[in-house]
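Visitor: Predicted model and sequence below, questions to follow.
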Amino acid sequence: MEDQKQPNGIPTEEDLALIHRYTRAQLAAQEVYVFQTVLCDNEIDRDGEQFPLASLQTLAELFPGKTGLFDHSGKSGDQVMRIYAAAVELQPERLNSAGEPYAALTGKVYLLRTEENAALIREIEGGIKKEVSVSCAVRRVRCSVCGETLRSCGHRKGESYEGRRCWAILEEPTDAYEFSFVAIPAQPGAGVIKRKKGRGGADAARLAELERLAEDGRAYRAELLAKTLRAGGAALPELDRDLLEGMCAHLEARQLAQLRETLETCAAKSLPLRPQLNARGPQGEYDGYRF
Ligand SMILES: [Zn+2]
């Protein structure tokens, strides 16, 4: 990366001390790869949104410890990096589109020099993975034209009003979630940065919704597993329950449902007919294999 200070990505002792705040094990310098990157800046981006300097300063406090995603496969969950320090760097001689001195939030990032990360490290070193997107929540979104809350004032991002451009000023960040490398640079002015951000309330609600869904998912899976084990016991009484449970642990919910269905079909074939009364489970669902 152009901002990289450490040669060859080797952390200094100072870096290591900061990194160790986030690791369980004490790592040797050669086990870690570090680089520095611009996370976001105070330029108005392509979406007509801008972080003022104060927001960048708050984000500098919120980002350390947050993970970075390397979305190579298009699947999420590749959390391979972590920010161990962040700071706002001012370039007073350079002005942004709003006429303010340019400021950028830079993050120092570490990842482990594992076999899985080797390709990513090569891409970072080669300057390929430079585009960064950050995800955070802000409490207030203010209109650049009138200073009021953007959605209530009637002005629209990207429009001009008597020669004054309207953009969204993202104020009072409340949380920083993650950053990720993205493939397409979206902010030609700043070169390499694209942001995606949540809005305070809406984002918190979305997170709560996701947590609720995850909770539902866990409950659904537990119920599905119980039914599969029950069906397994009925269909294949010789099959060890722990063995079946161990096998189920590796299945996706969809596969588990399929297995349950198959076992239930087998069980139904091997079981004598039961009175209708017993054919319904506690939830009114067909469940002929209760014992
Ligand atoms: Zn306005």
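Guide: Cool, the structure landed. Residues are numbered from 1 along each chain as shown.

Visitor: Name the residues of the stretch 1-150 of the chain found near the ion, please.
Guide: C143, V145, C146 (Cβ under 5 Å from the ion). Placement of C-beta: from N, CA and C, glycine included.

Visitor: Now, of these, which are buried?
Guide: Buried members of those, scored by 16 or more other Cβ atoms under 10 Å, are C143, V145.

Visitor: quick one: low-confidence parts of the stretch 151-291 of the chain?
Guide: In the predicted model of the stretch 151-291 of the chain, residues 182-216, 219, 270-291 satisfy pLDDT under 70.

Visitor: So which residues on it come close to the ion?
Guide: Taking Cβ under 5 Å from the ion as the criterion, the stretch 151-291 of the chain approaches the ion at residues C153, H155.

Visitor: show me where the stretch 151-291 of the chain has strands.
Guide: 160-161, 164-165, 168-181, 193-195, 198-199 (DSSP state E, counting those that start in this stretch).

Visitor: so can I have TSV of the residues of the stretch 1-150 of the chain next to the ion showing pLDDT?
Guide: As requested, those are exported to TSV (pLDDT from 0 to 100):
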residue	pLDDT
C143	96
V145	96
C146	96
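
Visitor: Present the residues of the stretch 1-150 of the chain next to the ion as JSON lines; the columns should include secondary structure.
Guide: Converted to JSON lines, those look like this (DSSP: H, G, I helix; E, B strand; the rest coil):
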{"residue": "C143", "secondary structure": "strand"}
{"residue": "V145", "secondary structure": "coil"}
{"residue": "C146", "secondary structure": "coil"}
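
Visitor: can you redo the residues of the stretch 1-150 of the chain next to the ion as CSV with distance to F63?
Guide: As requested, these are exported to CSV (distance: Cβ to Cβ, whole Å):
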residue, distance to F63
C143, 26
V145, 30
C146, 30
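
Visitor: Going by distance to D15, which of the residues of the stretch 1-150 of the chain next to the ion wins?
Guide: Among these, C143 lies closest to D15 (Cβ to Cβ), at 40.7 Å.

Visitor: OK, contacts around that closest one?
Guide: T149, L150, C153, H155, C166, A168, I169 (Cβ atoms under 8 Å, 6 or more residues apart in numbering).

Visitor: Please check these and keep the buried ones.
Guide: Of those, these count as buried by 16+ other Cβ under 10 Å: L150, H155, C166, A168, I169.

Visitor: could you dump those to JSON lines with distance to V109?
Guide: Shown next, in JSON lines, are these (distance: Cβ to Cβ, whole Å):
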{"residue": "L150", "distance to V109": "32"}
{"residue": "H155", "distance to V109": "37"}
{"residue": "C166", "distance to V109": "34"}
{"residue": "A168", "distance to V109": "27"}
{"residue": "I169", "distance to V109": "27"}
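
Visitor: which one of the residues you listed is nearest N96?
Guide: The nearest one, if we look at those relative to N96 and count by Cβ to Cβ, is I169, at 12.1 Å.

Visitor: what bridges to that closest one?
Guide: Under DSSP bridges, the beta-bridge partners of I169 are Q50, R142.

Visitor: Could you do the one 4 residues further on as well?
Guide: Beta bridges link P173 to V138, judged by DSSP bridges.

Visitor: just checking, it touches P52?
Guide: No. Here P173 lies out of contact with P52, judged by Cβ atoms under 8 Å, at a distance of 10.5 Å.

Visitor: higher neighbour count, these two?
Guide: Of the pair P173 and P52, P173 is the one with more neighbours under other Cβ atoms under 10 Å, namely 25 against 16.

Visitor: residues in contact with the more buried one?
Guide: F51, S55, T58, L59, L62, C136, A137, V138, R139.

Visitor: Remind me which helix or strand the second one belongs to.
Guide: Just to be clear, that refers to S55. Using DSSP states H and E, S55 sits within helix 53-62.

Visitor: quick one: contacts of that helix?
Guide: Residues external to helix 53-62 that are found in contact with it (Cβ under 8 Å, 6+ apart): 39-42, 51, 86-88, 90, 100-101, 103-105, 134, 136, 138, 170-173, 175-176.

Visitor: Rounded mean pLDDT for it, please.
Guide: Helix 53-62 carries an average pLDDT of 97.

Visitor: List the buried residues for it?
Guide: Residues of helix 53-62 classed as buried by neighbour count (16+ other Cβ under 10 Å): L53, S55, L56, Q57, T58, L59, A60, L62.

Visitor: I am finished for the moment; much appreciated.
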